[in-house]
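> Okay, here's the prediction I keep looking at, along with the sequence it came from:
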Amino acid sequence: MVVQQMFKYRMYPSSKQKIKLINNLKICKSAYNNLLATSIDAYKFGKVSLTKFDYDAIIKGYSSDTHSQVIQNVSDRVNKAFKNFFRRVKDKSCKQKGFPRFKSRVNSITFPQSGFKLLSDKKLKLSKIGSIPIILHRIPKGKIKTLTIKQNKAGQWFACFSCELPDVKIKHQSTERVGIDVGIENFATISNGEFITNPRHLVKSEKRLKLLQRRLSRKIKGSKNRNKARFKVARLHNKIANQRADFLHKLSSRLTKSYSFIAVEDLNIKGMVRNHCLAKHISDVSWGTFINMLSYKAVRCGGQIISGNPRNTSKECCVCGTIVEMPLSKRKFLCPYCGSSLHRDLNASHNILKVGTDCAKLNACGDSASTTESVASGIVEAGTINDTV
């Protein structure tokens with residue numbers, strides 16, 4: 001069995017190379033829209049559904065300024081867009097079907113097999129573009145399968161290598177088991193008594209962000225000054241995202257290296273952000289990203305992560321099991337039956353550890369699959385590693 005791992009690096013193209021890269025993005029956007037329009041017309045007038053081979057034949061020799069496989073990847077994107085649409089149509093539980101749309105902007109191009117080469121002098125050679133300086137803070141491991149070139153809204157360029165690595169079984173050095181309760185007051189509370197402070201990256205930068213957005217709103221649409229102001233807002237958003245990612249990566253790495261068994265809550269985050277009073281703060285803490293990082297890093301360290309039902313984890317006494325009503329304003333849990341008194345998040349983390357341990361026992365008895373490879377009924381799937389650093 002092999003696993004996929006992503007390696008992400010910053011690129012610094014010259015002015016001429018930026019023009020070529022942007023031109024490639026425009027060509028890919030035009031090719032995507034052309035294929036989508038052709039596919040719609042073919043079904044509308046001839047009742048014919050085009051295949052991937054039809055797309056390749058239509059798009060063959062579309063532009064001499066772009067590598068041939070980059071254009072072929074566009075036809076693959078259109079084919080996958082239609083496949084996903086028909087899959088959603090068949091799925092009755094899916095409410096939004098999402099018919100493929102025409103693109104106003106394409107932010108990435110992909111070299112599926114060839115057209116790129118890493119040079120020894122820390123440069124990336126791209127077909128039809130040239131040799132671009134790249135920051136190789138670590139060498140990609142395994143076999144490189146694809147390369148994706150991306151541009152974010154702050155104008156920064158990145159190279160993302162998708163690599164195949166052998167799945168090596170690793171035994172975790174520790175035998176400690178913990179439960180983690182995520183929150184807003186404290187980012188996370190661990191059942192061993194550790195409280196991790198919420199860094200609140202968005203709130204700390206909010207004053208500066210409001211100022212820049214007010215300046216942007218005053219600029220005339222289409223002017224150069226508006227474009228400059230837009231980049232300033234984008235750079236600040238990018239800085240906040242980088243701060244958040246750095247915090248989550250460091251914390252998830254420390255936890256997965258320290259504990260062999262981690263229990264978390266299976267939270268309905270999409271439903272929780274509908275609360276307009278807490279939506280901003282819930283989005284800022286990024287619980288979903290944090291749990292995803294824990295899942296693949298636990299596999300890489302030889303550990304195990306379990307997600308359990310969060311029902312009554314904050315209301316149930318971790319000592320005697322008594323249910324006590326706990327509104328959000330009440331931060332200390334006091335059991336009227338056994339008299340135990342502790343922070344509500346710490347009490348919840350103990351309950352999460354119990355639920356996770358029970359889930360692991362049920363899986364061990366009823367499912368032959370390893371919980372670190374594929375998980376059913378509450379255990380996080382972690383067969384694919386997506387590590388973008």
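All right, it came through fine.
> Could you pull up the residues touching His147?
Small correction: residue 147 is Leu, not His. Residues near Leu147 by Cβ atoms under 8 Å, 6 or more residues apart in numbering: Thr110, Phe111, Gly115, Phe116, Ala159, Cys160, Phe161, Ser162. For every residue, glycine as well, the C-beta is placed using N, CA and C.
> and of the residues you listed, the nearest to Leu126?
Closest approach to Leu126 among these (Cβ to Cβ): Phe116, at 5.5 Å.
> Find me the pLDDT at the nearest residue to the closest one once chain neighbours are set aside, would you?
Counting by Cβ to Cβ, 6 or more residues apart in numbering, Phe116 lies nearest to Leu147, which is 4.7 Å off, once chain neighbours are set aside. pLDDT, the model's per-residue confidence, is 95 for Leu147.
> avg pLDDT for stretch 244-259?
In this model, stretch 244-259 carries a mean pLDDT of 95.
> Can you tell me the SS state at the residue nearest to Phe116?
Here Leu147 takes the strand state, with states given by DSSP: H, G, I helix; E, B strand; the rest coil.
> Tell me how many other residues surround the closest residue to Cys335 other than its chain neighbours.
Among residues not flanking Cys335 along the chain, Cys317 sits closest, at 4.2 Å (Cβ to Cβ, 6+ apart). The number of residues packed near Cys317 is 21, by other Cβ atoms under 10 Å.
> ok so, going back, if I look at the residue nearest to Phe116, how far off is Ile22?
Distance of Leu147 to Ile22, computed by Cβ to Cβ, to the nearest Å: 18 Å.
> Helices of the stretch 201-350 of the chain, residue ranges please.
201-218, 224-258, 269-272, 279-285, 287-301, 344-366 (DSSP state H, counting those that start in this stretch).
> so what's the residue nearest the centre of the chain up against?
Nearest to the geometric centre of the chain sits Thr289, at 6.0 Å (Cα atoms, centre = their mean). Going by Cβ under 8 Å, 6+ apart, Thr289 touches Ala245, Leu248.
> and if you look at Lys117?
Neighbouring residues of Lys117 by Cβ under 8 Å, 6+ apart: Leu124, Lys125.
> Would you mind giving the secondary structure of it?
From three-state DSSP, the assignment for Lys117 is strand.
> beta partners for it?
Here Lys117 sits in beta bridges with Lys125, as judged by DSSP bridges.
> For Ile262, see how far away Thr197 is.
If you measure Thr197 against Ile262 using Cβ to Cβ, the figure is 19 Å.
> Ala57 now?
For Ala57 relative to Ile262 (Cβ to Cβ), the value is 50 Å.
> Can you tell me the strand partners of the helix or strand hosting Phe161 and which way each runs?
Secondary-structure assignment from DSSP states H and E places Phe161 in strand 157-166. With DSSP bridges as the test, strand 157-166 is paired with strand 2-11 (antiparallel), strand 143-151 (antiparallel).
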